[in-house]
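Asks: One predicted model, sequence on top.
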Amino acid sequence: MKILVCISKTPDTTSKIAFTEGNTKFDENGVQWIINPYDEWYSLVKAIVLKEKDPSILIHLITVGGADTEPIIRKALALGGDEAIRVNNTSTDSMVVAQEIAAIAKEGAYDLILTGKETIDYNSASIGSMLCALLDTTFIPNAIALEVNGTIAIVKREIEGGEESCETSLPIILSCQKGMAEQRIPNMRGIMAARTKPLKVVEASIHNATTSIKKFDTPSAKSGVKLVEAGNMDEMVRLLKEEAKVI
Amino acid sequence: MVLIYIDQDDQEIKKASFEAISYGAALAKQLGISAEAILLGTVKNNVSELGKYGASKVHQINNTALNNFDASVHANVVAAAAKTLGATVLVFAHNINGRAIAPAVAVKLSAGIVTGACALPNTEAGFVVTKTVFSGKAFASIQIDTPVKVISINQNSFGVVAGDGTATVQNIDIAVPTSKIKITATDKIKGEVPLTEANLVVSGGRGLKGPEHWGILLDLAKSLGASTACSRPVSDADWRPHHEHVGQTGIQIAPNLYIAIGISGAIQHLAGVNRSKTIVVINKDPEAPFFKAADYGVVGDAFEVVPALTAAILKSKAGA
């Protein structure tokens, strides 16, 4: 079985979000970069767990980005995976990213393609769904559990207000979230091994973006919290009713 | 034409779809074109009532196979219908199913897409949609550069606008591919409003000290008719079920009212709730960062404040 894990580079969850160049570019100054948590904790670790049970599984990682994404893909290889592919395209358009991944996926004939449920920077939650259309392959979103039995996949996914279990046949695309696997920390052996694992760079082939970012804004600060005395909950109820009008 | 996707679950139209229609109708008005809806499968609702939210027509594909959701099948059907009907803008709710098919539909229609929109597009020069990015810490204005456009709208960001229209319901004949997914079980939390659809949410953190103290929170939720949620440490410690975890790595919600009890307000938690219309924070630590993101706050012991708030709500309801 061959697994393709899609990896994205995102700012650390505690990063201060600011913009430069007239609010048209993300300010990378002082930002710590991490593997998008959904890609790492759930997709990648799930692939590694599957390979631990069946060492014949091949895990390929893919990222679409500039050379500055390489430390992140090395970090991912330190957790696990056999080799990585970086498509040298810095587009922020999901459609371009998905088409680049689809081109590699077609060539690699993967049985399982894993993405995180979204990235924590652009929150587009689009790649899995786009791959579904581009590859004409079954897509199950918000997957929280997966078992592979030969060519049959048993998947549990989140639905609003509950869970749904289903069976389908490989190949499939899953977007993964909490529940799929548990977070891991790379060990020294993994970090050493990652240095020599193959990282192939493929030149960008898709250039026709469908969207363009015009500007960024940061939310206006709340006007300030209105404090209510602990002994005066009647006042809180009045505020929620008459001022906020939410109850 | 603006074509709005109607999401159903177990043959009930989801609340998120009413908001999507309201948004799509406002957008159609802005563009001077019609707002029509597309419904896959059969539902128990009176479909013509979708006119209330501004849809002039509902195109229904009366095939019960579509009552089970399969992203690939649904995206194929919606894209084929959009082509047949000549839709120029497609609107989806940015809920689980909407997120799963809108990008695939965009691929099939060679359309640009903005997911997680939080306002109507600016159509004065081009077509620019504002969406939340960095988990709610910023907004991006994104221009869609293709003739056909796809938008998914963040829940509770536009609101449901109800009037008194009636929609014409028409069957539309679209080939339905066979699903490769066999659904084996559905496990739903009975009698609860899904967190993402809740208007009122009461949430607890480590400040409540243990699962045995959740009674005061549940009483408050009951007095309001609110759903309950929790912070990540609480769900990690198994004090509360995982599906209640709200935050960056849990569920992201945007209710009208979010009451946080004993939650300090770490940035990861805020990312999951900062789109709430009104935030109330109850915490005994006046330095808790959550107060900076709150509209109303109470500095005090949750074990005294929460029962007092419940009593005040019940008193107010009895008086009303």
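Replies: Great, that's in hand. Residues are numbered from 1 along each chain as shown, chains lettered A, B, ... in the order given.

Asks: use CA for all of it now, contacts and neighbours both
Replies: OK.

Asks: Need the pLDDT of the closest residue to residue A:192 other than its chain neighbours.
Replies: Distances taken as C-alpha to C-alpha, 6 or more residues apart in numbering or on different chains put residue A:78 closest to residue A:192, at 7.5 Å, once the chain neighbours are dropped. Residue A:78 is assigned a predicted lDDT (pLDDT) of 97.

Asks: For burial, what's the neighbour tally of residue A:78?
Replies: 22 (other C-alpha atoms under 10 Å in any protein chain shown).

Asks: Report all helices and strands that the helix or strand where it lies contacts.
Replies: Assigned by DSSP states H and E, residue A:78 belongs to helix A:70-79. Using 3 or more C-alpha pairs under 8 Å, 6 or more residues apart in numbering or on different chains; DSSP states H and E, the elements in contact with helix A:70-79 are strand A:33-35, strand A:58-64, strand A:83-88, helix A:188-196.

Asks: Ok, which of these comes nearest residue B:257?
Replies: For residue B:257, the closest of these is strand A:33-35, at 32.7 Å, according to C-alpha to C-alpha.

Asks: what lines up beside that closest one in the sheet?
Replies: Here strand A:33-35 has these sheet partners by DSSP bridges: strand A:9-11 (antiparallel).

Asks: Give me the contacts around the strand it pairs with.
Replies: A:31, A:32, A:33, A:34, A:35, A:36, A:69, A:72, A:119, A:120, A:121 (C-alpha atoms under 8 Å, 6 or more residues apart in numbering or on different chains).

Asks: Would you tell me which strand is longest in chain A?
Replies: strand A:138-149 (DSSP state E).

Asks: Counting by contacts, list what the helix or strand following it packs against.
Replies: Moving toward the C-terminus from strand A:138-149, the next helix or strand (DSSP H and E) is strand A:152-159. If contacts are counted by 3+ C-alpha pairs under 8 Å, 6+ apart, strand A:152-159 sits against strand A:138-149, strand A:162-169.

Asks: helices and strands around whatever helix or strand comes next after the last one, which ones?
Replies: Okay, so that is strand A:162-169. Counting by DSSP H and E, the element after strand A:162-169 in chain order, helix or strand, is strand A:172-176. Strand A:172-176 makes packing contacts with strand A:112-116, helix A:127-135, strand A:138-149 when contacts are defined by 3+ C-alpha pairs under 8 Å, 6+ apart.

Asks: And the second one, how far out from the chain middle?
Replies: Right, helix A:127-135. 14 Å (C-alpha atoms, centre = their mean, to the nearest Å).

Asks: just the first one next, same as before
Replies: Put simply, strand A:112-116 sits 9 Å off its chain's centre (C-alpha atoms, centre = their mean).

Asks: which helices and strands does that strand pack with?
Replies: Using 3+ C-alpha pairs under 8 Å, 6+ apart: strand A:112-116 touches strand A:2-6, helix A:127-135, strand A:172-176.

Asks: rewinding a little: with distance to residue B:80 added, can I get the helices and strands packed on strand A:152-159 in TSV?
Replies: Formatted as TSV, those follow (distance: least, C-alpha to C-alpha, whole Å):
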stretch	distance to residue B:80
strand A:138-149	18
strand A:162-169	24
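
Asks: out of these, nearest to chain B?
Replies: strand A:162-169 (4.1 Å; C-alpha to the nearest C-alpha).

Asks: who touches that closest one?
Replies: Residues from elsewhere that reach strand A:162-169 (C-alpha under 8 Å, 6+ apart): A:151-158, B:180-189, B:194, B:243.

Asks: Filter those down to the buried ones.
Replies: Buried members of the contacts of strand A:162-169, counted by 16 or more other C-alpha atoms under 10 Å in any protein chain shown: A:153, A:154, A:155, A:156, A:157, A:158, B:181, B:183, B:194, B:243.

Asks: Pull up the per-residue confidence for the residue nearest the centre of chain A.
Replies: Residue closest to the average C-alpha location in chain A (C-alpha atoms, centre = their mean): residue A:116, at 3.3 Å. At residue A:116, the pLDDT value in this model is 97.

Asks: And for the one 4 residues further on?
Replies: What the model reports as pLDDT for residue A:120 is 91.

Asks: where does it land in three-state SS?
Replies: Taken by DSSP: H, G, I helix; E, B strand; the rest coil, the conformation at residue A:120 corresponds to coil.

Asks: is it true that it touches residue B:137?
Replies: No. Look at residue A:120 against residue B:137 with C-alpha atoms under 8 Å: they stay out of range, at 10.3 Å.

Asks: which of these two has more neighbours?
Replies: Applying other C-alpha under 10 Å to residue A:120 and residue B:137 shows that residue A:120 carries more neighbours, namely 26 against 19.

Asks: Report the buried residues of the helix holding residue A:78.
Replies: Quick answer for helix A:70-79 (16+ other C-alpha under 10 Å): A:70, A:72, A:73, A:74, A:75, A:76, A:77, A:78, A:79.

Asks: could you measure residue B:207 against residue A:122, distance?
Replies: Noted for residue B:207: a distance of 32 Å to residue A:122, by C-alpha to C-alpha, to the nearest Å.

Asks: Now do the strand or helix carrying residue A:52 against strand A:58-64: the angle between them, please.
Replies: Assigned by DSSP H and E, residue A:52 belongs to helix A:45-53. If you take axes from the mean of the first three to the mean of the last three C-alpha atoms, to 10 degrees, helix A:45-53 sits at 160 degrees to strand A:58-64.

Asks: Give me the mean pLDDT for stretch B:62-79.
Replies: Here the average pLDDT along stretch B:62-79 is 97.

Asks: What of stretch B:222-235?
Replies: 95.

Asks: Convert the C-alpha atoms of that stretch to PDB, please.
Replies: In PDB, the C-alpha atoms belonging to stretch B:222-235 read as follows (Å, rounded to 0.1, in the frame of the first residue of the first chain):
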ATOM      1  CA  LYS B 222     -30.700  24.100  31.100                       C
ATOM      2  CA  SER B 223     -32.000  27.500  32.400                       C
ATOM      3  CA  LEU B 224     -30.900  29.100  29.100                       C
ATOM      4  CA  GLY B 225     -31.700  26.100  26.800                       C
ATOM      5  CA  ALA B 226     -28.000  26.200  25.900                       C
ATOM      6  CA  SER B 227     -25.600  23.600  24.600                       C
ATOM      7  CA  THR B 228     -22.600  22.700  26.700                       C
ATOM      8  CA  ALA B 229     -18.900  22.800  25.700                       C
ATOM      9  CA  CYS B 230     -15.500  22.600  27.300                       C
ATOM     10  CA  SER B 231     -11.900  23.500  26.900                       C
ATOM     11  CA  ARG B 232      -9.200  21.100  25.700                       C
ATOM     12  CA  PRO B 233      -7.600  20.200  29.100                       C
ATOM     13  CA  VAL B 234     -11.100  19.200  30.200                       C
ATOM     14  CA  SER B 235     -11.700  16.900  27.300                       C
END
